[in-house]
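Enquirer: got a predicted structure plus its sequence, pasted below:
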Amino acid sequence: MQFDRLQGVIKNIRARVWTLELPNGQTKDIRLAKNVYLHPLSGLDEHNLIADLKGVEDIPKGARVIVSGQVYTNDPIVLAKEVTVLGLDEEALLIERPDWWSSQARSLADFWIRAYFHDGDIADPSNYRTVINKIGSPRPELVNLQETATLSRLIYGLSSTYIITGNQRVLRAASEFVRFQRERMRIESADGKHVYWLHARRGGCELTINLRRVSRDLIQTPSPVWPR
């Protein structure tokens, strides 16, 4: 016995057996297990994108699916344990909808903003932490770590989301993080020739972990990390 995963279009339905057409044009028979798990495609906000599906019996002919299941040596039929629906029509994939990527970016941005601006007022970015869990709380073992490079990636993601969605709240969050990074994570030399960037800092205090020196001569284009 081995485990297999197939993606294709349902071309025929006979009781609990599907004929699946694979991307290479071949067909494969799929038998649905009694305890088969239906996994409707969901976005990052975990909302099901096909709300009408209550069970595998509701999946129509022509739907595009991913089937995960068991294959036995003497039986060519795949015993499906899990079915993921990508679209109810082979030509209408949910991940190819015009708003798919913008909605995913918006969901991510909303998550980060909720995590770091707890009261909803985008004014104090000092709650930024490098490592948080999936509900937005800091991880206990790294509760105060604020890494500069990770913050730069967050700024990039928020800025990209603003470009895609035009959401002013996202733009403000990105701007506040840029301000925080410039004020708390860099030090200029007295002669103005060098900029020292902190590798990381501890949230809530001024104790720094490491410094890196960057000559102004190496800074050619503006960006969230190299602001000159």
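Expert: Nice, I can see it. What you see is a predicted model, and the numbers here were worked out from it, not measured in a lab.

Enquirer: all helices of the protein, in order?
Expert: Under the criterion DSSP state H, the chain contains helices at 100-116, 148-165, 168-184.

Enquirer: and the longest one, what does it pack against?
Expert: Contacts of helix 148-165 with other secondary structure elements, assessed using 3 or more C-beta pairs under 8 Å, 6 or more residues apart in numbering; DSSP states H and E, are made with helix 100-116, helix 168-184, strand 194-202. From N, CA and C alone the C-beta is placed, and that goes for glycine too.

Enquirer: what's the average pLDDT for that helix?
Expert: Per-residue pLDDT over helix 148-165 has a mean of 95.

Enquirer: what do you get for stretch 20-29?
Expert: 93.

Enquirer: other residues contacting that stretch?
Expert: Residues from elsewhere that reach stretch 20-29 (C-beta atoms under 8 Å, 6 or more residues apart in numbering): 6-11, 17-19, 30, 65, 67, 76-78.

Enquirer: try 7 Å this time
Expert: Stretch 20-29 has contacts (C-beta atoms under 7 Å, 6 or more residues apart in numbering) with 6-11, 17, 19, 30, 67, 76-78.

Enquirer: again, but for stretch 164-182
Expert: Contacts of stretch 164-182 (C-beta under 7 Å, 6+ apart): 102, 105-106, 109, 113, 122, 125-126, 128, 148, 151, 154-155, 158-159, 161-162, 224, 227.

Enquirer: can we see that at 6 Å?
Expert: Outside stretch 164-182, the residues that touch it by C-beta atoms under 6 Å, 6 or more residues apart in numbering are 102, 105-106, 109, 113, 122, 125, 151, 155, 158-159, 161-162, 224, 227.

Enquirer: what's the burial count for the residue nearest to V71 when sequence neighbours are not counted?
Expert: Spatial nearest neighbour of V71, chain neighbours left out: D4 (4.9 Å); criterion: C-beta to C-beta, 6 or more residues apart in numbering. D4 sits with 13 neighbouring residues when counted by other C-beta atoms under 10 Å.

Enquirer: what sits opposite D4 in the beta ladder?
Expert: D4 forms beta bridges with G69, as assigned by DSSP bridges.

Enquirer: so how far is K61 from it?
Expert: The gap separating D4 from K61 is 22 Å, by C-beta to C-beta, to the nearest Å.

Enquirer: any idea how far the closest residue to G55 other than its chain neighbours lies from L6?
Expert: Nearest non-adjacent residue to G55, counting by C-beta to C-beta, 6+ apart: L38, 5.9 Å away. To L6, L38 is 16 Å away according to C-beta to C-beta.

Enquirer: over to A33?
Expert: According to C-beta to C-beta, A33 stands 15 Å off from L6.

Enquirer: try R182
Expert: Separation of R182 from L6 (C-beta to C-beta): 51 Å.

Enquirer: so these two - more neighbours on which side?
Expert: L6 (18 against 12).

Enquirer: what sits closest to that one if chain neighbours are left out?
Expert: Nearest non-adjacent residue to L6 (C-beta to C-beta, 6+ apart): V67, at 5.0 Å.

Enquirer: centre of this protein to the edge, which residue is at the far end?
Expert: D191 (42.8 Å; C-alpha atoms, centre = their mean).
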